[in-house]
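*Asks:* all I have is the shape, not the residue letters:
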């Protein structure tokens with residue numbers, strides 16, 4: 001079976017600042033709210049084919065951020081996951097029509113190493129931007 005994490009640097013081998021990452025969203029047809037947020041270095045069509053094969057992708061997709069550095073991708077992925085509340089998948093259960101949301105966080109916010117801190121800094125920036133886009137009621 002294909003390891004979906006193989007193209008998102010799970011072992012931290014890409015140095016900080018390495019660009020070429022995309023952040024994307026998966027949507028049900030007709031929905032404006034995504035059910036899944038992901039990152040990839042692969043061609044987006046290749047990545048969507050993998051999601052089709054797993055049963056996660058049955059609707060449409062959108063690239064939210066293109067050609068960003070690894071730390072920006074991780075930060076934006078986590079911020080979007082929280083903003084759209086996509087962490088609905090159940091770990092240990094197969095992906096299905098009712099279990100296709102994100103299952104894990106993009107990174108551990110409690111990390112204290114340089115890489116973890118860089119991810120967190122970018123997450124905070126992304127989160128502030130997303131919160132700034134919310135319509136404020138009086």
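*Replies:* Yep, that arrived. What you see is a predicted model, and the numbers here were worked out from it, not measured in a lab.
*Asks:* pretty sure residue 26 is in a strand, no?
*Replies:* Yes - residue state for residue 26 (DSSP: H, G, I helix; E, B strand; the rest coil) corresponds to a strand.
*Asks:* just list the residues touching it, thanks.
*Replies:* 34, 35, 36, 37, 38, 51, 56, 57, 59, 60, 61, 100 (CB atoms under 8 Å, 6 or more residues apart in numbering). All C-beta atoms are positioned from the backbone trio N, CA, C, and that covers glycine.
*Asks:* quick check: closest non-adjacent residue to the last one.
*Replies:* It refers to residue 100. Counting by CB to CB, 6 or more residues apart in numbering, residue 56 is the residue found nearest to residue 100 once chain neighbours are left out, at 4.6 Å.
*Asks:* swap in the fifth one?
*Replies:* Residue nearest to residue 38 in three dimensions, not counting chain neighbours: residue 24, with 5.5 Å by CB to CB, 6+ apart.
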